[in-house]
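Participant: can't give you the sequence, but here's the structure:
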């Protein structure tokens, strides 16, 4: 790539647990000859996703090309974190052919697009495309993209119901800003669920969008890289609930980091997490745990009460087998004492 050409950037957005990290892992392993750089924006103080991606580093995407931003939402820390990170990646030798940004599940993509108008980078970089991931099962259930008419009908029957939550606005803004939507976990949704999710996404989209089913993050890189959307120049066609506002509030969400003692039984620990998620309306739990007698670290990922766990790599000597979990919930549902008791006691 000539240094006179703009460096393309793909923004990967999507709700918590929609499969962004899995998708990027697949891109790293199958980059179609492109040298990639990755920016990971975590929500919370523990860089779980960045750790996962660094463990998958390959010559076309070495570990030094993977950057983590954990000081807050990427679209709210533009000057302090985002711009310096992009400049650092552009200065790498050899220069990356393409940058992939994984936003946190709570980030709104449109304010991030506005960051590409920053004077120091606007002549050097372009947003090749915005890819929105949506969990097909969750969307089909109407949890994050409620139908306005259905919500109004429910409100008439019960004034206490209010489905216009911050989560729905995040989902709608992500779809509205996207150039392509990937429906993930189609096996869990089934054919009827996928069809319903597709209809919901298309109903929310402000313009015609391609919607593609993706299982386990496997998609040809040519489908999502090289779109040449120049999204930073197409802002008017990407409406947001927060248009006209300089920023957006994340006070609706809160994360708690809990140190976890060594576990005797991975299945029993997963059951604890499942019960906690159900009892406390937890959105997301992710992190690591040490298991008695096992040299490998246990990676735990939970979306709501759906828990997955696997051994991912040996513990490093400096880590001291210290387990740690990040728990994310809406602000009113966070009770740190209850969460700590559920996971530690």
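Facilitator: That came in fine, so what should we check first? Since this is a predicted model, take the numbers as computed values, not measurements.

Participant: need the helices for the stretch 101-250 of the chain, in chain order.
Facilitator: With DSSP state H, counting those that start in this stretch applied, the stretch 101-250 of the chain shows helices at 109-115, 136-140, 148-157, 166-177, 186-204, 221-224, listed in chain order.

Participant: most tightly packed of those helices?
Facilitator: helix 136-140 (a mean of 26; mean count of other Cβ atoms under 10 Å). C-beta: built from backbone N, CA, C; applies to glycine.

Participant: by contact count, what packs against that helix?
Facilitator: Applying 3 or more Cβ pairs under 8 Å, 6 or more residues apart in numbering; DSSP states H and E, one finds that helix 136-140 makes contact with strand 180-184, helix 186-204.

Participant: just give me the neighbour total for residue 117.
Facilitator: 11 (other Cβ atoms under 10 Å).

Participant: show me what contacts the residue lying closest to it once chain neighbours are set aside?
Facilitator: Leaving out its chain neighbours, the residue that sits closest to residue 117 by Cβ to Cβ, 6 or more residues apart in numbering is residue 232, at 6.3 Å. Contacts of residue 232 were listed using Cβ atoms under 8 Å, 6 or more residues apart in numbering, and they are 113-114, 116-117, 122, 126-127.

Participant: how close does residue 232 sit to residue 112?
Facilitator: Per Cβ to Cβ, to the nearest Å, residue 232 is found 10 Å from residue 112.

Participant: over to residue 14?
Facilitator: Taking Cβ to Cβ, one finds residue 14 at 13 Å from residue 112.

Participant: for residue 173, same thing?
Facilitator: Distance of residue 173 to residue 112, computed by Cβ to Cβ: 11 Å.

Participant: same question, residue 341
Facilitator: Applying Cβ to Cβ, one obtains 37 Å for the distance of residue 341 from residue 112.

Participant: so in the protein, where's the weakest helix or strand by average pLDDT?
Facilitator: Averaged element by element with mean pLDDT, DSSP states H and E, the chain has its least confident helix or strand at helix 148-157 (a mean of 37).

Participant: that older thread, by mean pLDDT, show me the worst of the helices of the stretch 101-250 of the chain.
Facilitator: Among these, helix 148-157 has the lowest mean pLDDT, at a mean of 37.

Participant: list the contacts for the nearest residue to residue 303 once chain neighbours are set aside?
Facilitator: Setting aside the residues directly before and after it, residue 303 is nearest to residue 17 in space (Cβ to Cβ, 6+ apart), at 3.1 Å. Under the criterion of Cβ under 8 Å, 6+ apart, the contact partners of residue 17 comprise 105, 135, 284, 301-304, 306.

Participant: residue 17: which element?
Facilitator: Residue 17 is part of no helix or strand, with elements assigned from DSSP states H and E.

Participant: what's the answer for the one 10 residues further on, then?
Facilitator: Applying DSSP H and E as the criterion places residue 27 in helix 20-29.

Participant: okay, the angle between that helix and strand 180-184?
Facilitator: Orientation note: helix 20-29 sits at an angle of 110 degrees relative to strand 180-184 (axes from the mean of the first three to the mean of the last three Cα atoms, to 10 degrees).

Participant: now helix 20-29: buried residues?
Facilitator: Across helix 20-29, burial judged by 16 or more other Cβ atoms under 10 Å covers 20-28.

Participant: among those, which two are most distant?
Facilitator: Taking Cβ to Cβ, the two most distant members of the buried residues of helix 20-29 are 20 and 28; they sit 12.7 Å apart.

Participant: on that earlier part again, restricted to strands, list the contacts of residue 232.
Facilitator: 126-127 (DSSP state E).

Participant: poorly predicted segments of the protein, please.
Facilitator: Applying pLDDT under 70 to the chain flags the ranges 1-4, 16, 42-65, 67-81, 106, 119-120, 143-166, 242-253, 330-333.

Participant: follow-up on the earlier one: between the contacts of residue 17, which is nearest residue 204?
Facilitator: Distances from residue 204 to the contacts of residue 17, taken as Cβ to Cβ, are shortest for residue 135 (14.4 Å).
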